[in-house]
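J.: Just need the structure, nothing else, for what follows:
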Amino acid sequence: MLYFCPKIVECLLVMKMNRLILWVLFSTLIACKGKRNEPTIISGFFPNAKDSFVVLYSNDTPIDTAYLDKNKTFLFNLNITEGELFNFETDGKYQYVYVEPKDSVVVYANALSFEESISFSGKGSAINNFLLSQSKMSDAQEEVFRKFHSLPPMQYKNKSDSLYQDRKREYDDFLKLNPQLTEKAKDLALVSATFPIYKEMEIYPFVYQNKNNISIVDLLPYNFYDYRKQINYNDSFLEYFRPYYRYMVMYVNNLAFTQYTYDTHTLVDVSRELGFHLQKIKIIDSLFTNGSLRDNLYRNAAYAYIFNIQEHTEYKDYFDKFAKYNKDNKYKAELDKVFRNVIALQAGRIPPDFDLINANGEPTKFSEIQQPEVTIYYFWSVNQKELSKLIFGRVSQLKKLFPNVKFVGIDIGQDKTQWRKQISNTDWTDQYHSINFIDLSQKFLINNINKSVIIDKNGRIISAFEDIFSPNLEKILLSKES
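T.: Here you go, the predicted structure:
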């Protein structure tokens, strides 16, 4: 029989316990270290994607690119210390994704039906799926609100309040199911659910007055804008979040509309009034002291002026006042270029030149196809068949009304081969294809393909801001015939 000294046994037990404690401590340290180094990941699977890469943006700045492997999967490994809102782009589609440290968010989307199929899974997916569902709901409700615009103010408010309560309940239910959400995640969820409703409240007065040709300022219930009291108008975290930004745009528009119509007692469409656009410049300065939101709102205001004022006879007044408030705007170089392009498109000037190819595939330039007669240059796209069909129908109508006017079509689509195939199978004449649409769109400030450019027999601009469907276009042509 073996005999163990109690002291030896005690020592062995102590040594064993110490080793156990050391092992536990070591394991804990390793686990803690592993947690500290646990990466934050955005990965995904995009079957049928045409692009070979995915670009990740922080605000409006690209910060990383991930290439799709042969299985159409990708991965971003992020180093962040707090929750951040990103967006990614592939195949011309953009999508927000919010991640917090140590999240591992997986996104799936079939590129053939991106918006319909996109979904999130993994750690951090709950908030992203909620944002996605709210975005889809907002898109669907825009049509509902368009039907509400003809309602009197009190009825409109009641309808809007009802939809707001529905969205707020969804938000509250989401919080109950996800009690661990951080404050940033809660802010994103609340804004995604409620700000689309607030935006529609700001749109309503403008649309109602235009539809009914009566002043609405004094018809609104006293509590119509009560929701404004709850809003942080300078939230740097949300300034690039679309529901927040779109609300701010309409908020500024509505404030300018209210002030301008009150001062002038006008019932006209204020979007075509210089005074309305000048009012927006002052309002943005008074409410948004600095930062990216201020810069972006001024940028939006500048483009709204350019694309809504058809004849820029007072453009210098606007540009001078705009420059006064935007010396440090981060988009200053871009906007200065746009303003120069507006000046270059004024009546009486020689239009800017750009590259084309003719129906035979031969290179040419806009300056080389000018006609010795009044000519309308209209745009269409082989990639937008239904709209292009309407444009050609309008051109046929105008040709009958104005037989002495020449009509020249310029395709701005991306498929040169398909364009040549299409025009070879039709009786469309005087057709050209734009080689570099970005260059063309910047020079002629094209924001939709309905735009047309009218040139006189001497090759000078009559108007570079007319919509092909506009009745004003016919007035211009009639004036040139008389």
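
J.: roughly how far apart are the closest residue to Pro351 other than its chain neighbours and Leu345?
T.: In space, and not counting its chain neighbours, Pro351 is closest to Ile461: 5.5 Å by Cβ to Cβ, 6 or more residues apart in numbering. The way it works is simple: take the backbone N, C-alpha and C, and place the C-beta from them, glycine included. Ile461 sits 6 Å away from Leu345, going by Cβ to Cβ, to the nearest Å.

J.: Quickly list what's touching both of those two.
T.: Common neighbours of Ile461 and Leu345 (criterion: Cβ atoms under 8 Å, 6 or more residues apart in numbering): Pro351.

J.: Could I get the buried residue list for stretch 256-265?
T.: Neighbour counts over stretch 256-265 (16 or more other Cβ atoms under 10 Å) mark 256-261 as buried.

J.: Please render those as TSV that adds secondary structure to the earlier fields.
T.: Output for these, formatted as TSV (DSSP: H, G, I helix; E, B strand; the rest coil):
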residue	secondary structure
Ala256	helix
Phe257	helix
Thr258	helix
Gln259	helix
Tyr260	helix
Thr261	helix
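
J.: Mind picking the one among those residues that's closest to Lys457?
T.: Set against Lys457, the nearest of these by Cβ to Cβ is Tyr260 (39.9 Å).

J.: my guess is the closest one meets Lys280, correct?
T.: No - with contact defined as Cβ atoms under 8 Å, Tyr260 does not reach Lys280; the gap is 9.1 Å.

J.: so where do the helices sit in this structure?
T.: Using DSSP state H, the helices of the chain run over 6-36, 114-117, 125-148, 153-177, 183-212, 242-264, 274-287, 292-308, 315-325, 332-344, 385-401, 416-424, 437-444, 471-481.

J.: Reformat those into TSV and put mean pLDDT next to each item.
T.: Listed next are the helices of the chain as TSV, based on pLDDT from 0 to 100:
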stretch	mean pLDDT
helix 6-36	40
helix 114-117	94
helix 125-148	96
helix 153-177	97
helix 183-212	96
helix 242-264	96
helix 274-287	96
helix 292-308	95
helix 315-325	92
helix 332-344	93
helix 385-401	94
helix 416-424	89
helix 437-444	93
helix 471-481	87
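
J.: Tabulate these (a markdown table), appending distance to Asn232.
T.: Shown next, in a markdown table, are the helices of the chain (distance: least, Cβ to Cβ, whole Å):
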| stretch | distance to Asn232 |
| --- | --- |
| helix 6-36 | 33 |
| helix 114-117 | 29 |
| helix 125-148 | 18 |
| helix 153-177 | 17 |
| helix 183-212 | 9 |
| helix 242-264 | 9 |
| helix 274-287 | 12 |
| helix 292-308 | 11 |
| helix 315-325 | 22 |
| helix 332-344 | 27 |
| helix 385-401 | 40 |
| helix 416-424 | 49 |
| helix 437-444 | 35 |
| helix 471-481 | 42 |
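
J.: who wins for proximity to Val105 among those helices?
T.: Val105 sits nearest to helix 125-148 of all the helices of the chain, at 5.8 Å, using Cβ to Cβ.

J.: From the chain's centre, how far out is that closest one? Work that out for me.
T.: Relative to the chain's own centre, helix 125-148 is displaced by 15 Å; criterion: Cα atoms, centre = their mean, to the nearest Å.

J.: Return the set of buried residues in that helix.
T.: 125-128, 130-132, 134-135, 137-138, 141, 145, 148.

J.: What of stretch 219-237?
T.: Buried residues in stretch 219-237 (16+ other Cβ under 10 Å): 220, 224-225, 227, 237.

J.: ok, and what's touching it?
T.: 85, 152-154, 157, 184, 187, 194, 198, 201, 205, 238, 244, 247-248, 251, 287-289, 291-293.

J.: Among these, name the buried ones.
T.: Taking 16+ other Cβ under 10 Å as the criterion, what is buried in the contacts of stretch 219-237 is 85, 153, 157, 184, 187, 194, 198, 201, 205, 238, 244, 247-248, 251, 287-288, 292-293.

J.: Out of the helices of the chain, which gets nearest to Pro62?
T.: Closest of the helices of the chain to Pro62 is helix 292-308, at 15.6 Å (criterion: Cβ to Cβ).

J.: which helices and strands does the closest one pack with?
T.: Under the contact criterion of 3 or more Cβ pairs under 8 Å, 6 or more residues apart in numbering; DSSP states H and E, helix 292-308 touches helix 242-264, helix 274-287, helix 315-325, helix 332-344.

J.: Give me the contact list for the third one.
T.: Yep, that's helix 315-325 we're talking about. By Cβ under 8 Å, 6+ apart, the residues outside helix 315-325 that reach it are 274, 277-278, 281, 284-285, 298, 301-302, 305, 309, 335, 339, 342-343, 346.
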